[in-house]
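Student: Below: sequence and its predicted model.
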Amino acid sequence: MSSAPAAEPEDPFVTHRGLLFTVAYEILGSAADAEDVLQESWLRWDGVDRDRIQDPRAYLVRIVTRQALNLLRSVSRRREEYVGPWLPEPLLTTADVADDVVLAESVSVAMLTVLETLGPTERAVFVLREVFDVPFDEIADAVGKTPAAVRQIAHRARDHVAARRPRVPVDATEHDLVVERFIAVMNSGDVQDLMDVLAPDVVSVTDSGGLVRHAARRPLHGADRVIAFLRGSIAKLDVAYSVVPLRVNGMLAAGIRVGDDLAAAVSFAVEDGRITRVFSVANPGKLAGLDAEAPLSR
């Protein structure tokens, strides 16, 4: 009896696709741009002599990083001209992303917003070193710098991020409890009860791209202003709204539905049992990707 033919080994690009997407997304903050990077990277990978590649994973990460850096530099001006605040494109993720604490923090909207304050090379170096633990010499090849320069960039980027990231780490359970309270209060219709959920110095940022009426085009500072804005916005609605839980970027978030449509995806930063930052993405183009879970991995 003849044995069955051996299965063909899976292409390394397919094997590492989740990792490659995550690298591109963390550098770019856009799922659509990350997919464009993966398509371009696949074309380059398809033309390579595989027998000459000793470490396909490292080679693919290098290709993706270079493509992501090139694209990030080209879209920087577009983001500067964006109407209102620019926030990362939200991703629908599975609950198990939170099991990897480093991954969950690195893809959180709060962290990606901090990464927006880095220059392109600093951002790529920070992501590769702090999230994926890529050796300095491999990062140097990917970003076109010497290993010594990469070490300096990594140190500078780490200090920059440390000064701007949430002050107190919050575990997923505490975060979820606070967000569940927010959702319950919003559905009750008495938004004044949010005084017990929002920190007094809460900051609310909305990304509508100038495409949504009544959306705040500047950050709102303070619980009183945030609540007053929410009350005014709800009063202007002529259809029913509901707030539903979503798992966005590894954390529990809130989806605001107006009628049958998802009008916003709202992520949060939590400290000391209260919400300190509200990140609302209402740009319809950025909500389009919330119909399928994103493959994030390290």
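Tutor: That came through fine.
Student: Need the CA coordinates for stretch 85-100. CSV is fine.
Tutor: Extracted C-alpha coordinates of stretch 85-100, given in CSV (Å, rounded to 0.1, in the frame of the first residue of the first chain):
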residue,chain,number,x,y,z
PRO,A,85,-8.3,65.0,14.9
TRP,A,86,-6.9,61.9,13.2
LEU,A,87,-7.3,58.7,15.2
PRO,A,88,-6.1,55.2,14.3
GLU,A,89,-8.5,53.0,12.3
PRO,A,90,-10.3,50.7,14.8
LEU,A,91,-10.0,46.9,14.4
LEU,A,92,-12.5,44.3,15.5
THR,A,93,-10.5,41.7,17.5
THR,A,94,-11.0,38.5,19.4
ALA,A,95,-11.0,38.4,23.2
ASP,A,96,-7.8,36.4,23.3
VAL,A,97,-5.8,39.3,22.1
ALA,A,98,-6.0,40.6,25.7
ASP,A,99,-4.2,37.5,26.9
ASP,A,100,-1.0,38.8,25.3
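Student: Go through it and flag the buried ones.
Tutor: Neighbour-count burial for stretch 85-100 flags Pro85, Trp86, Leu87, Pro88, Glu89, Pro90, Leu91, Leu92, Thr93, Val97, Ala98 (criterion: 16 or more other CB atoms under 10 Å). All C-beta spots, glycine's among them, are computed from the backbone N, C-alpha and C.
Student: Please enumerate the helices of the stretch 151-298 of the chain.
Tutor: Along the stretch 151-298 of the chain, the segments classed as helices by DSSP state H, counting those that start in this stretch run 172-188, 223-236, 284-287.
Student: mean pLDDT for these: which is lowest?
Tutor: Comparing mean pLDDT across the helices of the stretch 151-298 of the chain, the weakest is helix 223-236, with a mean of 89.
Student: what's that helix packed up against?
Tutor: Packing partners of helix 223-236 (3 or more CB pairs under 8 Å, 6 or more residues apart in numbering; DSSP states H and E): strand 198-207.
Student: next one: the strand it packs on to chain centre, how far?
Tutor: 18 Å (CA atoms, centre = their mean, to the nearest Å).
Student: so what strands line up beside it?
Tutor: Take DSSP bridges as the rule and strand 198-207 pairs in its sheet with strand 220-221 (antiparallel), strand 274-281 (parallel).
Student: Excluding chain neighbours, what is closest to Leu237?
Tutor: Closest residue to Leu237 apart from its sequence neighbours, by CB to CB, 6 or more residues apart in numbering: Val258 at 6.5 Å.
Student: again, but for Asn249
Tutor: Setting aside the residues directly before and after it, Asn249 is nearest to Val107 in space (CB to CB, 6+ apart), at 4.9 Å.
Student: How about Ile153?
Tutor: Nearest non-adjacent residue to Ile153 (CB to CB, 6+ apart): Val125, at 4.7 Å.
Student: Quick check: the gap between that neighbour and Val170.
Tutor: 27 Å (CB to CB, to the nearest Å).
Student: which of those two has more neighbours?
Tutor: Taking other CB atoms under 10 Å, Val125 and Val170 do not tie; Val125 has more neighbours (31 against 18).
Student: residue ranges of the helices in the stretch 1-150 of the chain, please?
Tutor: 12-15, 17-28, 31-46, 56-80, 101-107, 109-115, 120-126, 136-143, 147-162.
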